[in-house]
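> need a structure here:
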Amino acid sequence: MQCEVREVSPPERLVYTWTGGGVDTRLIWTLKRVPEGTHLTLDHTGFKGLRGMLVGGILGKGWRSKILAVHLPALLDRWSGSGAVLIVPEAECDSSRSEG
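Predicted structure coming up:
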């Protein structure tokens, strides 16, 4: 994957492109303060054609079931909210492990 940061507006917005697997996409992370804490919006767009639809479905499943449901909560549980973000073992990739 190749990515390029296109916009950074701390602490509200991060925009970057994500290119690979035959698709060119754009991710927009937006944080908004709400009475209950913070509302996160993730908008991942640019999936065109049949290939884009297939890749989008696969990535969407990963965002929902892994990144947003497991990895992000694990990070937030360990991070104080200031300073460097800690390494979260649950979110690390293990390229030596193969699935199947």
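
> Now do residue 73 against residue 8, distance only.
Distance of residue 73 to residue 8, computed by C-beta to C-beta, to the nearest Å: 23 Å. Quick note: C-beta positions are derived from backbone N, CA and C, even for glycine.

> Tell me the spacing between residue 9 and residue 36.
22 Å.

> Tell me which of these two has more neighbours.
Neighbours around residue 9 and residue 36, counted as other C-beta atoms under 10 Å, are more numerous at residue 9. The numbers are 10 against 6.

> ok, and for the biggest helix by length in the chain, which residues are buried?
In the chain, ranked by residue count with DSSP state H as the criterion, the top helix is helix 49-62. Within helix 49-62, the residues that count as buried by 16 or more other C-beta atoms under 10 Å are 52, 55-56, 59.

> Stretch 14-23 now?
Buried residues in stretch 14-23, counting neighbours by 16+ other C-beta under 10 Å, are found at 14-15, 18, 23.

> same check, this time on stretch 71-87
Neighbour count says stretch 71-87 has 71-72 buried, by 16+ other C-beta under 10 Å.

> For residue 38, name its beta-bridge partners.
Note on residue 38: beta-bridge partners by DSSP bridges are residue 33.
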